[in-house]
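Asks: Would you be able to build a 3D model of this:
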Amino acid sequence: MADCCESKYPDYGKHIPRVNKAIGQLNGIKKMIEEGRYCPDIITQLRAVSSACQSLEIIMLQKHLESCVIDAFQSNDKNAQKEKIRELTNLYKGKNVLYVGDEKHE
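Replies: Numbering: from 1, shown residues only. Okay, the predicted model is just below:
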């Protein structure tokens, strides 16, 4: 399993088509707004793109857990373990915060 935290991030290249599809959906939503389309139709499309992004987020989180988090806990490095716990807690809370040692970087 690739180590996503020290030397190399996992390759998500095979998921680019998902990203491209979401971009296409967003472009379609933009056009719908510009055309003054019916609100529920726009909301339906917003939910579709949100669902697509959420699916990709789940894939990436699973890969992170399988590589970085497992590696940190197998290393017995207490600082690395604390960092991963903080990182996952902040992801769960919806925050984008990075800890390096005990220093917080937002």
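Asks: Which stretches in this protein count as helices?
Replies: 16-34, 39-64, 70-74, 78-93 (DSSP state H).
Asks: Can you give me every residue that contacts Ile29?
Replies: Each residue near Ile29 by Cβ atoms under 8 Å, 6 or more residues apart in numbering is listed here: 42, 45-46, 49. For glycine as for every other residue, the C-beta is placed from the backbone atoms N, C-alpha and C.
Asks: Identify whichever of the helices of the chain lies nearest to Pro10.
Replies: helix 39-64 (4.9 Å; Cβ to Cβ).
Asks: Who are the packing partners of the closest one?
Replies: Contacts defined by 3 or more Cβ pairs under 8 Å, 6 or more residues apart in numbering; DSSP states H and E place helix 39-64 against helix 16-34.
Asks: how far off helix 39-64 does the helix it packs on point, in degrees?
Replies: Using axes from the mean of the first three to the mean of the last three Cα atoms, to 10 degrees, the inter-axis angle of helix 16-34 relative to helix 39-64 is 160 degrees.
Asks: how far out from the middle of the chain is helix 16-34?
Replies: Distance of helix 16-34 from its chain centroid, counting by Cα atoms, centre = their mean, to the nearest Å, is 18 Å.
Asks: buried residues in it?
Replies: 22, 25, 29, 32 (16 or more other Cβ atoms under 10 Å).
Asks: Let's have those residues in a markdown table, adding distance to Val69.
Replies: Shown next, in a markdown table, are the buried residues of helix 16-34 (distance: Cβ to Cβ, whole Å):
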| residue | distance to Val69 |
| --- | --- |
| Ala22 | 26 |
| Gln25 | 31 |
| Ile29 | 34 |
| Met32 | 40 |
